[in-house]
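*Asks:* Here is a sequence together with a model predicted from it:
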Amino acid sequence: MKAGPVAIQLRDGKMDSWLAEPEGAPKGAIIAIMEIWGVNDTMRQHAREFAEAGYVCLVPDLFWREEPGVELSDRNPDDVAHAFDLYYGFDYDLAVKDMEDCAAWLKDCGGLSLPVGAVGYCLGGKLCYLMCCRTDIGCAVAYYGTYIEHAIREVGNLHRPFLLHMAMKDRWVQREVNELLMRKLSPNPLVKIHQYPEADHAFARHGGVTYRKKEAEEALALTLQFFDRYLANAGVA
């Protein structure tokens, strides 16, 4: 596996990102969409996990318009305040277009015409939902996506395979919100939801305050099965 920084040319600027590539021919490509902490060690570790499973993995710097290159931690109070300042100035609509540009870049990566999916954490989880509603991403996985309910009116447009990992003790996604998402998303045959009864928000954040190894490993295994079905075996009978 090899990994390092890359610059992606978007329709309105250039965004730095982190790219991890597997040994041998890739199964497909994945956009790993960050939380509010930037492209940090946690996101680079997620990229390595997907590269080790056979996928090219790109981690875009979502905050490139506001403050490129931030790396923050949930264990530092100053970082927490800074992360929320960046988050509340963030534009989801522009970010969906950025992710479309990233998908186009990945699809042509090395001239391989790779199938492209996405996985997102917290902030990135909502982006994955929006991509499944607004774009032709191959498939997407959301880990404890925050504020998906604010875009629930778009649920009728959800037309790509979508997997949601739902933490049932999530401090940021209340029980009533999880129940709403179950009611609105579950009827769609393209949607799969896995619930983690004892998990809090960010249970898969390596090194984070609420990390839970058992649930993180279970969710990763299910995510890889999902990508293998909808990316690696796309078009296979």
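*Replies:* Arrived safely.
*Asks:* Just the pLDDT for Cys109.
*Replies:* Note for Cys109: predicted pLDDT of 76.
*Asks:* my bad, should have said Ala237
*Replies:* Ala237 is assigned a pLDDT of 32 by the prediction.
*Asks:* next one: Met1
*Replies:* We have a pLDDT of 86 for Met1.
*Asks:* Which residue, neighbours along the chain excluded, lies closest to it?
*Replies:* Ala51 (4.8 Å; CB to CB, 6 or more residues apart in numbering). Backbone N, C-alpha and C define where each C-beta goes, glycine included.
*Asks:* Might you report the residue contacts of that neighbour?
*Replies:* Counting by CB atoms under 8 Å, 6 or more residues apart in numbering, Ala51 touches Met1, Ala3, Ala20, Glu21, Pro22, Cys57.
*Asks:* what are the phi and psi angles of it?
*Replies:* Backbone geometry at Ala51, expressed as degrees, to the nearest 10, gives phi -70, psi -40.
*Asks:* how close does it get to Asp101?
*Replies:* Separation of Ala51 from Asp101 (CB to CB, to the nearest Å) stands at 21 Å.
*Asks:* Next: Lys213.
*Replies:* For Lys213, the distance to Asp101 (CB to CB) stands at 35 Å.
*Asks:* Buried only: go through the contacts of Ala51 for me.
*Replies:* Ala20, Glu21, Pro22, Cys57 (16 or more other CB atoms under 10 Å).
*Asks:* Which parts of this structure are helices?
*Replies:* All helices of the chain, identified by DSSP state H, fall at 41-52, 77-88, 92-107, 123-134, 175-185, 213-227.
*Asks:* Would you mind finding the most buried of these?
*Replies:* helix 123-134 (a mean of 25; mean count of other CB atoms under 10 Å).
*Asks:* That one - contacts with which helices or strands?
*Replies:* Contacts defined by 3 or more CB pairs under 8 Å, 6 or more residues apart in numbering; DSSP states H and E place helix 123-134 against strand 28-33, helix 92-107, strand 116-121, strand 140-143, strand 162-167.
*Asks:* The closest residue to Gly125 other than its chain neighbours: how many residues sit nearby?
*Replies:* Excluding its sequence neighbours, the residue lying closest to Gly125 (CB to CB, 6+ apart) is Gly145, at 2.6 Å. Using other CB atoms under 10 Å, Gly145 has 27 neighbouring residues.
*Asks:* Over to Gly145: give its phi and psi.
*Replies:* When read as degrees, to the nearest 10, the backbone of Gly145 gives phi -70, psi 130.
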